[in-house]
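Engineer: Need coordinates for the following:
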Amino acid sequence: MALHMWGRIHATAALSALLQGDPERAVQSIQAAAASAARYGDCPTCSALLNPVAAEAFAEIGDAVNARRHADSGAGIAAMFDSAAWRAMAESAAGSAALADGDPTTAVSHFEAAGAGYDQARQPYWAERSRRLASLVPA
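Structural biologist: Got it, this is the predicted structure:
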């Protein structure tokens, strides 16, 4: 059962840290998720939320390599299942990775696509959050 819970628990802790303006603490939660996965195993679909949160945290600290790694992981999960939510999570992660790469136009496009995907998945909190991320991207 643990392998189904670690990603969710650590993603929630990382999101909380991001919402408090502490991306370094968010990264610590993401690293704790990786350590838990190494020890107990990992369920990629249960850990899907970790990817957009991780990509955002790494982008905020200027770590484009790890932001891209989590965006790629999110895209891989989204490709395995026909799910608007997983596609939206992948778009959000890709937006953060594009931001970390210094490509604001692409970042906004991905965040807006994430918002539309979350709307389709009936997840209004995440849809609004994605649109807010798009609005915060410097022009």
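Engineer: Secondary structure element holding the most centrally placed residue in the chain?
Structural biologist: Geometric centre of the chain, nearest residue: residue 52, 0.5 Å, by C-alpha atoms, centre = their mean. Using DSSP states H and E, residue 52 sits in helix 50-60.
Engineer: helix or strand right after that helix?
Structural biologist: helix 64-80.
Engineer: what does the lowest-mean-pLDDT helix or strand in the chain rub up against?
Structural biologist: Counting by mean pLDDT, DSSP states H and E, the weakest-scoring helix or strand in the chain turns out to be helix 2-19, with a mean of 91. Contacts to helix 2-19, defined as C-beta atoms under 8 Å, 6 or more residues apart in numbering, come from residues 23, 25-30, 32-33, 36-37, 40-43, 46-50, 53-54, 56-57, 60. Backbone N, C-alpha and C define where each C-beta goes, glycine included.
Engineer: Could I get the phi/psi values of residue 101?
Structural biologist: phi -80, psi 0 (degrees, to the nearest 10).
Engineer: which residues does it contact?
Structural biologist: Per C-beta under 8 Å, 6+ apart, neighbours of residue 101: 64, 67, 68.
Engineer: circling back to that earlier point, just the C-alphas of the least confident helix or strand of the chain, formatted as CSV.
Structural biologist: The C-alpha trace of helix 2-19 is given here as CSV (Å, rounded to 0.1, in the frame of the first residue of the first chain):
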residue,chain,number,x,y,z
ALA,A,2,2.9,2.4,0.7
LEU,A,3,3.9,2.7,-2.9
HIS,A,4,0.5,4.1,-3.7
MET,A,5,0.7,6.8,-0.9
TRP,A,6,4.2,8.3,-0.9
GLY,A,7,3.8,10.3,-4.1
ARG,A,8,0.5,11.8,-3.0
ILE,A,9,1.7,12.6,0.5
HIS,A,10,4.9,14.3,-0.7
ALA,A,11,3.1,16.1,-3.5
THR,A,12,0.7,17.6,-1.0
ALA,A,13,3.6,18.7,1.2
ALA,A,14,5.4,20.2,-1.8
LEU,A,15,2.3,22.0,-2.9
SER,A,16,1.8,23.4,0.6
ALA,A,17,5.4,24.7,0.5
LEU,A,18,4.9,26.3,-2.9
LEU,A,19,1.7,28.0,-1.7
